[in-house]
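Enquirer: Model the structure of this input:
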Amino acid sequence: MTKTAPGILISAPSSGTGKTTVMLGLLRALAEDGLTVQPFKSGPDYIDPAFHRAAAHRPSFNIDTWAMHEGLVGGISEQSAGADIIVAEGSMGLFDGVATRGESGFGSSAETALKMGWPVVLVIDVGGQAQSAAATALGFRSYNPDLPFAGVILNRCASPRHERLARLGMDQAGVKVLGVLPRRGDLALPERHLGLIQAVEHPDLEAAIQGYAAFLRDNVDLDAIKAAAKAGPAATGTLPKPPAQRIALAQDAAFSFTYPHVLTGWRNAGAEILPFSPLADEAPAPDADLVWLPGGYPELHAGTLAAASNYLTGLKKHAETRPVHGECGGYMALGDVLIDKNGIKHKMAGLLGLVTSYEKRKFHLGYRQATLHAPMPGFDSGARLRGHEFHYTTILEEPDAPLAAVGDADGNPVPETGSIKGNATGTFFHLIAEAST
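Expert: Presented below is the predicted three-dimensional model:
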């Protein structure tokens, strides 16, 4: 079997260790060296790939061993064609996944590395410890002996003495140190209530990425990183098929979360993507076959959306004869009322009876598996779907017919079933894939 470009996976013992800034700096530094770098993201996170694209100047794709079947993973891996090196970013801690196996695994970054053949570079926050960090590294390297392990990058090192002690521990454990990053408080990416801000909202993302790259270049052995990358066996497959030929896709700061592999599959199959901005009061293309409102932050722009008469008129006219679908934030925008954090009620499109409140916040996070009670764009009744839900919004009213029976990763039912009314459908989960048959 032919080989793909060599790759590595950047991971960590837990969230918050600095792996995203390491990832962005590494992507840009390698690109500055003249390499064509293909980024990937392990797991369902839909914010990081936009940052990856800004750093590598190449689209980044999610690979998810819980939600994706083998054919889809193969189709996504084909997107690295022409790359010189692959750099993937893990999610949460290296071995963190769910309890119940999904389409091809439990969803951990370690599974992605094993499946793709990418050695792991573990980013360890050594703040508050020195030689003890080696015990962490040794435990992660030994937890699954089959997992390829390249070495560690020691982050937030306080002083040269701190570095000497941390390196001593790694030497005693036989763990290769690929870099040591001094502690710097200005390297953190801005955050908000759903984690990182969107890439398009960063006040000066290009300057930040350039700074990360320079920092990595000064403190990480890039040649050792490149030498550690390994190629796994090539795989083939298919990406998702488009739900219509001409798709009007809302795209702005309120609607920005669509998985890259989904849009790429639509385009590769010949579908026309027709972007429009509800925040700019743009109506969807009048000759579109389908209007798709992806997730995002409508709760931050509810007043603007409620006053966007051209957008609302065009959306409602489309829904008289053709399908409209919304995911998460898009679902909220298709509803009747959205209550913002200050308790102010904003009238939304009213194509569904949904009433949601960001004032009464409750965290909803996790994989979702759904079996459709009724058709939705691209899928027949009875189709089994996989997705991911991530929001703080509370449903106050969901009066329309449920679109699907929805459960979490372990099959436990969740109340967010989605809705269908006329030509409008919506879900709180972001669609990742159709389950394999």
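Enquirer: And for residue 104, nearest residue in space, chain neighbours not counted?
Expert: Nearest residue to residue 104, sequence neighbours excluded (CB to CB, 6 or more residues apart in numbering): residue 65, at 5.0 Å. All C-beta atoms are positioned from the backbone trio N, CA, C, and that covers glycine.
Enquirer: could you check the distance from that neighbour over to residue 46?
Expert: For residue 65, the distance to residue 46 equals 17 Å [CB to CB, to the nearest Å].
Enquirer: Out of these two, name the residue with the larger neighbour count.
Expert: residue 65 (25 against 22; other CB atoms under 10 Å).
Enquirer: pLDDT score assigned to that one?
Expert: For residue 65, the model assigns a pLDDT of 97.
Enquirer: a strand runs through it, doesn't it?
Expert: No - going by DSSP: H, G, I helix; E, B strand; the rest coil, the assignment for residue 65 is coil, not a strand.
Enquirer: contacting residues around it?
Expert: Listed by CB atoms under 8 Å, 6 or more residues apart in numbering, the contact set of residue 65 reads 73, 97, 102-108, 111-112, 115.
Enquirer: let's see it at 10 Å
Expert: 42-43, 73, 97, 101-112, 114-116 (CB atoms under 10 Å, 6 or more residues apart in numbering).
Enquirer: Might you list the low-confidence residue ranges for this structure?
Expert: Counting by pLDDT under 70, the chain contains low-confidence residues at 1-3, 185-203, 437.
Enquirer: let's see 50
Expert: Low-confidence segments of the chain, defined by pLDDT under 50: 1-2, 192-194.
Enquirer: that older thread, give me the buried entries from the contacts of residue 65.
Expert: Buried members of the contacts of residue 65, counted by 16 or more other CB atoms under 10 Å: 42-43, 73, 97, 102-112, 114-116.
Enquirer: Could you pick out which of those residues are located in strands?
Expert: When the buried ones among the contacts of residue 65 are checked against strands (DSSP state E), the matches are residue 42.
Enquirer: Just to confirm, which residue in the protein is farthest away from the center?
Expert: Computed with CA atoms, centre = their mean, the residue of the chain farthest from its C-alpha average is residue 161, at 37.9 Å.
Enquirer: Wait, residue 169 touches residue 135, no?
Expert: Yes - the pair formed by residue 169 and residue 135 meets the contact definition of CB atoms under 10 Å, at 7.7 Å.
Enquirer: The two: which has the busier surroundings?
Expert: Counted by other CB under 10 Å, residue 169 and residue 135 do not tie: residue 169 has more neighbours, with 22 against 12.
Enquirer: List the residues that contact the more buried one.
Expert: Neighbouring residues of residue 169 by CB under 10 Å, 6+ apart: 126, 129-138, 154, 175, 177.
Enquirer: got the buried residues for the strand or helix carrying residue 171?
Expert: In the assignment (DSSP states H and E), residue 171 maps to helix 160-173. Buried residues in helix 160-173, defined by neighbour count with 16+ other CB under 10 Å: 162-163, 165-167, 169-170, 173.
Enquirer: Appreciated, that's everything.
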